[in-house]
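*Asks:* only geometry, no sequence info:
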């Protein structure tokens, strides 16, 4: 299969680097071509990277509770930049405090995110969603 | 004795430098006014006569030249995102010694193409997309260009997956495909494009610029003058296998129309908790400030520094300073005649150095995160650099060189600017750096040793 390209990173003033590295390895192993922007990524950085690399999806992480502020307007900016309909995911501790997840999901979907993942989501869940949304199959395991 | 002649064909002056490679000594330098419209061989002969008046008759074993005549190597670059491939394309061209007349990003419009045709560049650099990434933009741009009559060679250094297609679209044009300037996101790969640019310069531009007549007299025009300067700085910094260099450095070339800044330094963060943002910058970086120059771009200095600071540094009333600046902008060959004019030039040179180095160097800002204080760095951190090399008429022909050069350093009022904190100032009193870049192509050890000997320290 032709590899699909993801742009990923931790948004805002968030410096949680470990989860970002884990996700990068998990996505790469799952057969995706990953452009990892690391931590403290602005909306513009995701968008610029997605334009240059002709990405199929942008996967936004946030762990420090300010995700809702950081993610606002992201879909509109993507539209403006010509990335119409690009797949947008967000996941992590994306809101302040403990709030019912279905409400959080609703709010982020209203902001234009295609999928919203709560705290503690294993990488496999996101990967399965990516396969489904991008219409691709997992890479075949090579026999040793 | 084995004298070697090094020539710099400028747009107004031809400068010659004679070196004896046996005794590793500088024999002399001279310069003569030239116009390309007539014959640059004439300017060269005049300069040589002046040189030989000082040194006596010289039988040159080898002659090498660099050139910025006829406007230098004028390039137009295009990329996709302004901060990414468009910036990478600009860096590639500047590093190859080009004068970048316009940087385009995203798709070219019909008007843009008209502008390109009218501005008659010597070369166009087309980029856009990482390898396997966006191909629409560069293809659209190639298509747009293919409609008009070919005007110059095109270097294609974008997404490799569509490079051949771009070349096919531009089949009437002279095209050169080389490696992508940004093969993967944020990974700068500008050397292949630079080599290609230099190769085209050698093969084609020299003839087009009417320099070939002079080329017969010499062993070869090797590169554009800024590329020679860049080569000299890299050599001085890194040294050779047998002759150590002086380490990381920043160099400022303050001219009448532009100010060039070079840094040979890795520029990585110097403090913990620093995250680097933006496009990775080249180890050997060149920037050109087209609005900062001592005569043609004199108002650019005032605009950047403010008339109050000109007044404060020169001790001249703002109104008087403005009148004097107006005079200089109209009489660009004026040299300071008395103390007042010297003071004005001192102020302008200081602000020019400050502005140009500040624009070249990176910046840092504090970011308060829930995890504590962090720093976000853009561009190169030059704070640990210990050497600043200065050249250009207004710096080298004054007694206050050190004071002017000191404006390249970090200033408490601009803490975000990552300029060197404490550095020694080295002055190119005899204006030999471009010549040493040329010499270094054949005699690198000797070029390093001559530079170390001839660059003198200036004190604040």
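*Replies:* Thanks, I have the structure now. Note that the coordinates shown come from a computational prediction; the quantities given were computed from them, not determined experimentally. Numbers count the residues shown, from 1 in each chain, chains lettered A, B, ... in the order given.
*Asks:* and the stretch 151-300 of chain B, which residues reach chain A?
*Replies:* B:182, B:184-186, B:273, B:275, B:277 (CB under 8 Å from any CB of the partner chain). Every residue, glycine included, has its C-beta placed from N, CA and C.
*Asks:* got the residues you listed as TSV, with neighbour count, secondary structure and distance to residue B:453 columns?
*Replies:* As requested, those are exported to TSV (neighbours: other CB atoms under 10 Å in any protein chain shown; DSSP: H, G, I helix; E, B strand; the rest coil; distance: CB to CB, whole Å):
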residue	neighbour count	secondary structure	distance to residue B:453
B:182	34	coil	40
B:184	16	coil	43
B:185	22	coil	45
B:186	21	coil	41
B:273	15	coil	43
B:275	17	strand	42
B:277	19	strand	41
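*Asks:* in terms of pLDDT, where does residue A:91 sit?
*Replies:* What the model reports for residue A:91 is a pLDDT of 94.
*Asks:* does it touch residue A:114 like I think?
*Replies:* No. In this structure, residue A:91 is not within contact of residue A:114 by CB atoms under 8 Å, at 11.7 Å.
*Asks:* quick check: pLDDT value at residue A:110.
*Replies:* 94.
*Asks:* quick one: residues contacting it.
*Replies:* Applying CB atoms under 8 Å, 6 or more residues apart in numbering or on different chains to residue A:110 gives no contacts.
*Asks:* where's the residue most central in space within chain A, which helix or strand?
*Replies:* When CA atoms, centre = their mean is applied to chain A, the residue found nearest the centroid is residue A:59 (1.1 Å). With secondary structure defined by DSSP states H and E, residue A:59 is part of strand A:57-62.
*Asks:* average pLDDT for that strand?
*Replies:* Rounded mean pLDDT across strand A:57-62 is 96.
*Asks:* cool, and stretch B:239-246?
*Replies:* 95.
*Asks:* in it, what's buried?
*Replies:* B:239-240, B:245-246 (16 or more other CB atoms under 10 Å in any protein chain shown).
*Asks:* biggest separation within these, which pair?
*Replies:* Checked with CB to CB, these reach their widest spread between B:240 and B:246, with 12.5 Å between them.
*Asks:* grab the nearest non-local neighbour of residue B:14.
*Replies:* Distances taken as CB to CB, 6 or more residues apart in numbering or on different chains place residue B:43 nearest to residue B:14, at 4.1 Å, with adjacent residues excluded.
*Asks:* do residue B:167 as well
*Replies:* With CB to CB, 6+ apart, the residue lying closest to residue B:167 is residue B:175, at 4.5 Å.
*Asks:* cool, residue B:189 as well?
*Replies:* residue B:183 (5.3 Å).
*Asks:* got the phi and psi for residue 139?
*Replies:* This is for chain A. phi -60, psi 140 (degrees, to the nearest 10).
*Asks:* now do residue B:371
*Replies:* Per degrees, to the nearest 10, the backbone of residue B:371 is at phi -90, psi 0.
*Asks:* can I assume residue A:2 sits in a strand?
*Replies:* No. Residue A:2: not assigned to a strand; according to DSSP: H, G, I helix; E, B strand; the rest coil it is coil.
*Asks:* give me the neighbour count for residue B:168.
*Replies:* 12 (other CB atoms under 10 Å in any protein chain shown).
*Asks:* mind pulling up the pLDDT for it?
*Replies:* Confidence score, pLDDT, at residue B:168: 95.
*Asks:* contacting residues for it?
*Replies:* Counting by CB under 8 Å, 6+ apart, residue B:168 has no contacts.
*Asks:* and it, how far from chain A?
*Replies:* Using CB to the nearest CB, to the nearest Å, one gets 20 Å for the distance from residue B:168 to chain A.
*Asks:* confirm that that residue sits in a helix.
*Replies:* Yes. Counting by three-state DSSP, residue B:168 is part of a helix.
*Asks:* distance check, it against residue B:117.
*Replies:* 21 Å (CB to CB, to the nearest Å).
*Asks:* kindly report the same for residue B:111.
*Replies:* According to CB to CB, residue B:111 stands 11 Å off from residue B:117.
*Asks:* next: residue B:362.
*Replies:* 36 Å.
*Asks:* the two - which one has more neighbours?
*Replies:* residue B:362 (22 against 14).
*Asks:* test my guess that that one contacts residue B:378.
*Replies:* Yes. In this structure, residue B:362 is within contact of residue B:378 by CB under 8 Å, at 5.5 Å.
*Asks:* so which of the buried residues of stretch B:239-246 is the closest to residue B:392?
*Replies:* Closest to residue B:392, out of all of those and judged by CB to CB, is residue B:246, at 19.7 Å.
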